[in-house]
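1. what's the 3D shape of this:
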Amino acid sequence: MPALTRIDQIPTSHTVFPASSHPDLQHPGAVHHGWNTGRHLLLHAAGSPLANPMTTQPHPLRQQAITHLRALTEHLDDVAGPLMLALHVSAVQQPSVDADTTTLIPLVGEALADLGDWGVRAPLPDQLDLITRAVHAMQPCMPH
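-> Residues are numbered from 1 along each chain as shown. Just a heads-up that it's a prediction; the model follows:
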């Protein structure tokens with residue numbers, strides 16, 4: 001599969017985690033909810049037309065996450081792959097909100113193993129801090 005190059009190429013949870021892939025995924029739960037929540041945060045941050053409209057009173061944590069994600073880099077599409085890794089870490093592995101880069105490296109490796117078929121490539125060393133900051137931005141919005 002070609003490399004992921006845009007935020008709006010990140011698939012929905014049911015595409016990435018079909019029910020047949022694992023017994024725990026047969027019914028929508030925290031992983032599906034977390035993935036779709038994080039995906040929509042990224043879509044909003046990137047200004048994608050695929051982003052669902054926010055309610056008239058958006059949740060403050062979601063608004064804060066979008067602001068933090070926008071501040072990561074001027075062009076979020078340029079780091080779509082690392083952001084998809086951050087999404088996986090946030091939604092699937094659900095680290096503590098204060099996890100540092102060193103703690104997240106093995107989780108990023110697991111995410112890469114799961115997402116390699118989706119066009120996600122290994123992050124460059126200087127992208128690990130960006131992944132950590134993205135995880136920190138999304139983590140408060142994840143279901144627990």
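
2. from here on, just use CA atoms for contacts and neighbour counts.
-> OK.

3. so how far is the longest helix along the chain off the chain centroid?
-> Ranked by residue count, the top helix of the chain under DSSP state H comes out as helix 30-46. Centre-to-centre, helix 30-46 and its host chain are 6 Å apart (C-alpha atoms, centre = their mean, to the nearest Å).

4. please work out the average pLDDT along whichever helix or strand comes after it.
-> Later in the chain than helix 30-46, the nearest helix or strand by DSSP states H and E is helix 60-70. Mean per-residue pLDDT for helix 60-70: 93.

5. and the residue nearest the centre of the chain, how far from P18?
-> The chain has L87 as the residue nearest its centroid, 1.7 Å off, counting by C-alpha atoms, centre = their mean. L87 sits 17 Å away from P18 when distances are taken as C-alpha to C-alpha, to the nearest Å.

6. give me every residue that touches A99.
-> By C-alpha atoms under 8 Å, 6 or more residues apart in numbering, A99 lies in contact with T132.

7. find me the pLDDT at it, would you?
-> On the pLDDT scale, A99 gets 93.

8. give me the buried positions along stretch 66-76.
-> Buried residues in stretch 66-76, counted by 16 or more other C-alpha atoms under 10 Å: 66, 68-70, 72, 76.

9. which residue ranges of this structure form strands?
-> Under the criterion DSSP state E, the chain carries no strands.

10. list the buried residues for the one helix or strand in it whose mean pLDDT sits lowest?
-> When each helix and strand of the chain is scored by mean pLDDT, DSSP states H and E, helix 13-16 comes last, with a mean of 84. Using 16+ other C-alpha under 10 Å as the test for burial, helix 13-16 gives 13, 16.

11. can you pull the buried residues of stretch 75-95?
-> 76-77, 79-92, 94-95.

12. so what touches that stretch?
-> Stretch 75-95 is contacted from outside by 3-7, 10, 30-35, 38-39, 45-46, 70, 104, 107-108, 111-112, 115, 119-123, 127, 130-132, 134-135, 138-139, 142, using C-alpha under 8 Å, 6+ apart.
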